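Asks: I'd like to go over a predicted model; first the sequence, then the structure.
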Amino acid sequence: MNQTTFLLTGFEPFGQSRINPSEQVVQQLATRRFEGFELATAVLPVHRTRGPQTLLTAVQQTNPDAIVCLGEAGGRHAISIERVAVNLMDYGIADNDGQLVQDEPIQPDGPAAYFTTLPVRQLMQAVQGAGIPAELSLTAGAYLCNQVTYELLHYLAQQQRDIPAGFVHLPFLPQQAAVRPGKFPSMALETMVTAVSTILHTLHNHLATS
């Protein structure tokens, strides 16, 4: 029997920040061994074309049984498990190459939206059961986080690959919130690592029983 493989991705820092919690969580979990599955990881560039390309290349190279993409959502209080990705690029800030895209479809001939295929409520309840705030979200925004999720789900639909795949947003790290004006919520890196590890273990159990 083939070993189960999960793909976990994060993003490089962007905007005015030199750190990104999603990148740091991926780096922490990349060094761990998991019982029952192997973990492949990738850090995506915050770039209109290279971000999605890097993700799809990782999918093709690892042939995973499930995919969890992570990203930063400053201002959120909880681990946010996304339910939908929309066919829209409407960047609030330029990507790391200076490209600012507004009111453009991701795939001109694609559907208006895709629902993610993760067992979202089960994952939320598992993270909450670990004592960590978690929520379901109906918007991944219209920046790279939404874009790579849409591109991923579009690719899997075209390839007729029925595997759990979706996106999870993480709050700021405390050191990010500390340097921003106003009162931004944050979450410790160790807590986020525990939350994402819980998501991966829950996914493994979901696949084993489905």
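Replies: Received, thanks.
Asks: not counting the longest helix seen in the chain itself, show me its contacts.
Replies: Criterion DSSP state H: the longest helix present in the chain is helix 189-209. With Cβ atoms under 8 Å, 6 or more residues apart in numbering as the test, helix 189-209 has contacts from 4, 6, 8, 21, 24-25, 28-29, 32, 34, 36-37, 39, 65-66, 68, 70, 79, 81, 118-119, 122-123, 126-127, 129-130, 132, 134, 164, 168, 170-171, 173. Backbone N, C-alpha and C define where each C-beta goes, glycine included.
Asks: would you mind checking these for buried ones?
Replies: Neighbour-count burial within the contacts of helix 189-209 applies to 4, 6, 8, 21, 24-25, 29, 37, 39, 65-66, 68, 70, 79, 81, 118-119, 123, 126-127, 130, 132, 134, 164, 168, 170-171, 173; the criterion is 16 or more other Cβ atoms under 10 Å.
Asks: so which residues of the protein form strands?
Replies: For the chain, the strands defined by DSSP state E cover 4-11, 37-44, 66-72, 79-82, 84-86, 113-115, 134-137, 165-170.
Asks: any chance of the ones you listed in TSV, plus mean pLDDT and distance to residue 103?
Replies: Shown next, in TSV, are the strands of the chain (pLDDT from 0 to 100; distance: least, Cβ to Cβ, whole Å):
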stretch	mean pLDDT	distance to residue 103
strand 4-11	97	23
strand 37-44	98	23
strand 66-72	98	21
strand 79-82	98	21
strand 84-86	98	12
strand 113-115	98	16
strand 134-137	98	22
strand 165-170	98	22
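Asks: residue 180 is nearest to which of the ones you listed?
Replies: Residue 180 lies closest, by Cβ to Cβ, to one member of the strands of the chain: strand 66-72, at 12.6 Å.
Asks: ok so, going back, can I get the strands of the chain in CSV with distance to residue 50?
Replies: What follows is those, written out as CSV (distance: least, Cβ to Cβ, whole Å):
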stretch, distance to residue 50
strand 4-11, 12
strand 37-44, 8
strand 66-72, 15
strand 79-82, 22
strand 84-86, 18
strand 113-115, 21
strand 134-137, 25
strand 165-170, 18
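Asks: mind checking which of these is nearest residue 182?
Replies: strand 66-72 (16.9 Å).
Asks: could you give the angle of that closest one to strand 37-44?
Replies: Strand 66-72 and strand 37-44 are oriented at 40 degrees to each other (axes from the mean of the first three to the mean of the last three Cα atoms, to 10 degrees).
Asks: and strand 66-72, what other elements does it pack with?
Replies: strand 4-11, helix 21-30, helix 144-158, strand 165-170, helix 189-209 (3 or more Cβ pairs under 8 Å, 6 or more residues apart in numbering; DSSP states H and E).
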